[in-house]
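> here you go, sequence then predicted model.
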Amino acid sequence: MHDSHTKVGHSPVRRGAVAVAALALPLAVAGFAAAPAMADGHGGDMDATVSVLHGIPEGAGADVVDVYAGDAMLIDNLTPGSLETLVVPEGTYDLAVYADGEGPDGGTAVLEAAGVEVPGGANATVTANLDG
């Protein structure tokens, strides 16, 4: 198992982190049958299952958020404690979390993680959580 923690920015209240853990295990593909076009750098031949967990407590400045890969919205209206699972092409992604209704076209990201590598066949979890 590969586990890494990356400080990626701060929320209006406290610093936050996005953790990415990838397990190269056979997949039971759940979620969407197809993923939208994502950030530059993807485009491999294999898909990966990615789960996104909103681990920032309600009231900490990031209650309802939208998750982006580059300019493409991955998840709309993610709430504290919720987990969304989707299938994406293998590749490298620039992930960002924005307050609900904001986005890369003028909003300020609450959390960011650039260059997140998602290998084909992986089962990865991305967690947005407070950093202390």
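Alright, I've got the coordinates. Numbers count the residues shown, from 1 in each chain.
> from now on I want contacts and neighbour counts done on CA atoms only, so please keep to that.
Noted.
> show me the shaky parts of this protein.
1-44, 132 (pLDDT under 70).
> same thing but at 80, please
Along the chain, the parts satisfying pLDDT under 80 run over 1-44, 60-61, 130-132.
> that one: strands as residue ranges?
2-10, 15-23, 47-54, 65-69, 72-78, 83-89, 91-99, 111-118, 123-130 (DSSP state E).
> mind listing what's buried along stretch 93-107?
93-100, 103-104 (16 or more other CA atoms under 10 Å).
> next: stretch 106-114.
Buried residues in stretch 106-114, defined by neighbour count with 16+ other CA under 10 Å: 109-113.
> for it, measure first residue to last.
Length of stretch 106-114, first residue to last, CA to CA, to the nearest Å: 18 Å.
> thought M46 was touching E90?
Yes: counting by CA atoms under 8 Å, E90 is a contact partner of M46 at 5.8 Å.
> if you count what's nearby, which of those two comes out ahead?
E90 (21 against 13; other CA atoms under 10 Å).
> now do the shared contacts for M46 and E90.
Shared contacts of M46 and E90 (CA atoms under 8 Å, 6 or more residues apart in numbering): 120-121.
> buried ones in stretch 72-87?
Buried-residue list, stretch 72-87, by 16+ other CA under 10 Å: 73-75, 78-80, 84-87.
> how about stretch 53-72?
53-56, 62-71.
> extract the CA atoms of that stretch and return them as PDB.
Below are the C-alpha coordinates for stretch 53-72, written out as PDB (Å, rounded to 0.1, in the frame of the first residue of the first chain):
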ATOM      1  CA  LEU A  53     -14.200  11.800   1.100                       C
ATOM      2  CA  HIS A  54     -15.200  15.200   2.500                       C
ATOM      3  CA  GLY A  55     -13.600  14.900   6.000                       C
ATOM      4  CA  ILE A  56     -13.700  18.600   7.100                       C
ATOM      5  CA  PRO A  57     -16.300  19.000   9.900                       C
ATOM      6  CA  GLU A  58     -19.400  21.000   9.300                       C
ATOM      7  CA  GLY A  59     -18.900  24.600  10.400                       C
ATOM      8  CA  ALA A  60     -15.200  24.700   9.700                       C
ATOM      9  CA  GLY A  61     -15.400  26.900   6.600                       C
ATOM     10  CA  ALA A  62     -15.900  24.300   3.900                       C
ATOM     11  CA  ASP A  63     -19.400  22.900   4.400                       C
ATOM     12  CA  VAL A  64     -20.700  22.300   0.900                       C
ATOM     13  CA  VAL A  65     -17.900  22.100  -1.700                       C
ATOM     14  CA  ASP A  66     -17.400  21.300  -5.400                       C
ATOM     15  CA  VAL A  67     -14.400  19.200  -6.500                       C
ATOM     16  CA  TYR A  68     -12.500  19.900  -9.700                       C
ATOM     17  CA  ALA A  69      -9.800  18.300 -11.800                       C
ATOM     18  CA  GLY A  70      -8.400  21.100 -13.800                       C
ATOM     19  CA  ASP A  71     -11.300  23.100 -15.200                       C
ATOM     20  CA  ALA A  72     -13.700  20.100 -15.100                       C
END
